[in-house]
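Asks: the following comprises the amino acid sequence and a computationally predicted model.
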Amino acid sequence: MEPVLAGQTNESRGGGLPAPCGQAQHAALYGRVSQDLKGDLMCDRDTLEDTIEYQLRCGLSRRHFGALTLGAGLTSWLAPVAHGDELAVTESEVDIHTPDGTADAYFVRPAKGAYAAVLVWPDIYGLRPAFRQMGKRLAGAGYSVLVVNPFYRKQRAPTAPEHPDFDDPATHAALMDLVNGVRDPAVTQTDAVAFVNWLDAQSSVDHKKPIGTTGYCMSGPFTMRTAAAVPQRIGAGASFHGGGLVTDKPESPHLLIPKMKAHYLIAIAESDDKRQPEAKDVLRDSFAKAKLPAEIEVYAGTIHGWCPIDSKVYNHEQAEKAWGRMLVLFKSALV
């Protein structure tokens, strides 16, 4: 599927998702999910619904699917993707003081020199090995990367069990308790300022270059709040299957676009687009009116959550495509 830039009106193209099997079981599961997760963030609800759809479509039993949790049976995806031209990197665990406490984070950067910085907001499962690996890969491409724990006010990383199952009531309740602590947009904005200031104080960051920011699932909106909170420093943002970028609330992230100066990549899961097909057009129109470049694409055949390398619905081909488009964005905007 080809990307569509802000200001263009043609609809997304490409094949649809395969029809799920086991319709009766599918309907029963969806009914319980809707009741259990009523009122939760859109992306959290969709993650569970989509993994259930993926399970049924692939013909897996619930017991076998439960074994494919984060970090279990997926270790091969955590191996570095080496192309032979990566820079040597230095990595460290860091603490960052914010107005609300001390945030733990992972900081990885090329071993020598100063580079444009990238602030990475993880998904609901938080700062973990998969996001450290993704941050390390990005650093190897020539960026000073800070992967933060957005839930530091309540818990240091790891903030999810080693093999989390969002369908487990206790795990679901614990994760949603963490999410409730970052629902207020002011929380992200406060953290964004603190994290950007911290990055600008590092010798490995080229302060003459703009900063990039990336977000996944629930943290897709965090990138837009970051870009609006520190517009003089954020030059590029990328949202991967971000949930709730367009809502009917006065704090909808898309309403922040006029305050931003960042160029954008918005990579939308096909399953998310089926639920909210109008969102992409609202985003295109908003970026076009703000005269900000934005590549907004629905990735064919993808399920919500397809980008993190430890995801149950990881789509290697499309995740690599989205990663490549992010690098193109950063190369042009963070200069």
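Replies: Nice, thanks for sending it over. All values derive from a computational prediction rather than experimental measurement. Residues are numbered from 1 along each chain as shown.

Asks: what ranges do the strands span in the stretch 51-200 of the chain?
Replies: 89-98, 101-110, 117-121, 144-148 (DSSP state E, counting those that start in this stretch).

Asks: okay if I get the ones you listed as a markdown table plus mean pLDDT?
Replies: What follows is the strands of the stretch 51-200 of the chain, written out as a markdown table (pLDDT from 0 to 100):
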| stretch | mean pLDDT |
| --- | --- |
| strand 89-98 | 98 |
| strand 101-110 | 98 |
| strand 117-121 | 99 |
| strand 144-148 | 98 |
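
Asks: of all the ones you listed, which one comes closest to residue 175?
Replies: When those are compared by C-beta to C-beta, strand 117-121 sits nearest residue 175, at 15.6 Å. No exception for glycine: its C-beta is placed from N, CA and C like everyone else's.

Asks: that closest one pairs with which strands, parallel or anti?
Replies: Within its sheet, and counting by DSSP bridges, strand 117-121 is paired with strand 144-148 (parallel), strand 211-216 (parallel).

Asks: make a markdown table from those and add mean neighbour count to it.
Replies: Putting the strands paired with strand 117-121 into a markdown table (neighbours: other C-beta atoms under 10 Å) gives the following:
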| stretch | mean neighbour count |
| --- | --- |
| strand 144-148 | 28 |
| strand 211-216 | 29 |
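
Asks: so can I have JSON lines of those strands showing distance to residue 235?
Replies: As requested, those are arranged in JSON lines below (distance: least, C-beta to C-beta, whole Å):
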{"stretch": "strand 144-148", "distance to residue 235": "14"}
{"stretch": "strand 211-216", "distance to residue 235": "7"}
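
Asks: so which of the strands of the stretch 51-200 of the chain gets nearest residue 278?
Replies: Going by C-beta to C-beta, the one of these nearest residue 278 is strand 117-121, 24.9 Å.

Asks: residues of the closest one that come out buried?
Replies: Neighbour-count burial for strand 117-121 flags 117-121 (criterion: 16 or more other C-beta atoms under 10 Å).

Asks: again with stretch 317-331
Replies: 318-319, 321-323, 325-327, 329-330.

Asks: rounded mean pLDDT for that stretch, please.
Replies: Taken as a whole, stretch 317-331 has a mean pLDDT of 98.

Asks: please compute how far that stretch lies from its chain's middle.
Replies: Its chain's average C-alpha position is 13 Å from that of stretch 317-331, according to C-alpha atoms, centre = their mean, to the nearest Å.

Asks: what's the answer for stretch 146-158, then?
Replies: For stretch 146-158, the distance to the chain centre is 15 Å (C-alpha atoms, centre = their mean).

Asks: now the end-to-end length of it.
Replies: Distance across stretch 146-158, first residue to last, is 16 Å (C-alpha to C-alpha, to the nearest Å).

Asks: for stretch 296-311, same thing?
Replies: Start-to-end span of stretch 296-311 (C-alpha to C-alpha) is 22 Å.

Asks: next: stretch 270-285.
Replies: Across stretch 270-285, the terminal residues are separated by 20 Å (C-alpha to C-alpha).

Asks: can you pull the buried residues of it?
Replies: 270-273, 276, 279-280, 283-284.

Asks: same deal with stretch 195-207?
Replies: 195-196, 198-199, 202, 204-206.

Asks: closest to residue 255 among those?
Replies: residue 196 (21.3 Å).

Asks: ok, now which ones touch the most centrally placed residue in the chain?
Replies: Nearest to the geometric centre of the chain sits residue 216, at 0.9 Å (C-alpha atoms, centre = their mean). Shown in contact with residue 216 (C-beta atoms under 8 Å, 6 or more residues apart in numbering): 121-123, 239-242, 305, 307-308.

Asks: look up how far residue 252 lies from it.
Replies: Distance of residue 216 to residue 252, given as C-beta to C-beta, to the nearest Å: 19 Å.

Asks: report pLDDT for residue 168.
Replies: The model reports residue 168 with a pLDDT of 86.

Asks: and what of residue 162?
Replies: Residue 162 is given a pLDDT of 84.

Asks: adjust the sequence numbering to begin at 44 for everything that follows.
Replies: Understood, numbering begins at 44; the last thing we discussed is residue 205.

Asks: need phi/psi at it.
Replies: phi -60, psi -40 (degrees, to the nearest 10).

Asks: what's the neighbour count on it?
Replies: 11 (other C-beta atoms under 10 Å).

Asks: and residue 220, by the same measure?
Replies: Neighbours around residue 220, by other C-beta under 10 Å: 12.

Asks: need the buried residues of stretch 360-374 in JSON lines (columns: secondary structure).
Replies: Formatted as JSON lines, those follow (DSSP: H, G, I helix; E, B strand; the rest coil):
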{"residue": "361", "secondary structure": "helix"}
{"residue": "362", "secondary structure": "helix"}
{"residue": "364", "secondary structure": "helix"}
{"residue": "365", "secondary structure": "helix"}
{"residue": "366", "secondary structure": "helix"}
{"residue": "368", "secondary structure": "helix"}
{"residue": "369", "secondary structure": "helix"}
{"residue": "370", "secondary structure": "helix"}
{"residue": "372", "secondary structure": "helix"}
{"residue": "373", "secondary structure": "helix"}
